[in-house]
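# please find the sequence and the predicted model below.
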Amino acid sequence: MKVGDELEPLTIPITRTLIVSGAIASRDYQDVHHDAELAHKKGSPDIFMNILTTNGLVGRYITDHFGPDAVLRKVAIRLGAPNYPGDTMVLSGTIAEVEGDTAQVKVVGRNGIGSHVTGTVTVVVPEGSAA
């Protein structure tokens with residue numbers, strides 16, 4: 001684990017089921033996350049993913065890379081282009097800082113219309129872990 005290392009990209013198909021189930025799991029019942037007709041009436045071309053689902057996917061991306069012993073200490077993300085059904089998001093990451101067993105990873109998730117998510121994840125990777 002060293003500064004500049006790139007994580008293997010993760011490709012995530014953005015399905016209607018993923019969007020709706022993520023909203024339900026995070027108790028986000030805003031209609032724009034499950035009702036296409038109401039989302040359209042509010043100016044959106046379709047339903048779109050909520051930030052809590054995105055946050056979970058970013059966390060999964062980091063722990064998939066660093067292994068089950070990795071501990072997320074901080075996830076700071078910002079949303080950009082919405083994730084709509086039928087698109088694909090590709091998460092990528094680069095290690096920006098390393099201090100002992102702790103790394104800061106810059107993460108970007110891009111879809112067909114731009115950057116859906118950008119941010120930084122601080123992760124502790126105990127010595128001898130899978131990373």
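Yep, that arrived.
# where does pLDDT dip in this protein?
The model of the chain has pLDDT under 70 over residues 128-131.
# for the longest helix along it, what is the distance to the chain centroid?
If you go by DSSP state H, the chain has its longest helix at helix 51-66. Remark: helix 51-66 is offset 5 Å from the chain centroid, using CA atoms, centre = their mean, to the nearest Å.
# which residues touch R78?
Listed by CB atoms under 8 Å, 6 or more residues apart in numbering, the contact set of R78 reads 117-119. No exception for glycine: its C-beta is placed from N, CA and C like everyone else's.
# if we can go back for a sec, what packs against the longest helix of the chain?
In terms of contacts (3 or more CB pairs under 8 Å, 6 or more residues apart in numbering; DSSP states H and E), helix 51-66 is packed against strand 6-13, helix 16-25, strand 71-79, strand 88-99, strand 102-111, strand 114-124.
# tilt between that helix and strand 88-99?
Inter-element angle recorded for helix 51-66 and strand 88-99: 60 degrees (by axes from the mean of the first three to the mean of the last three CA atoms, to 10 degrees).
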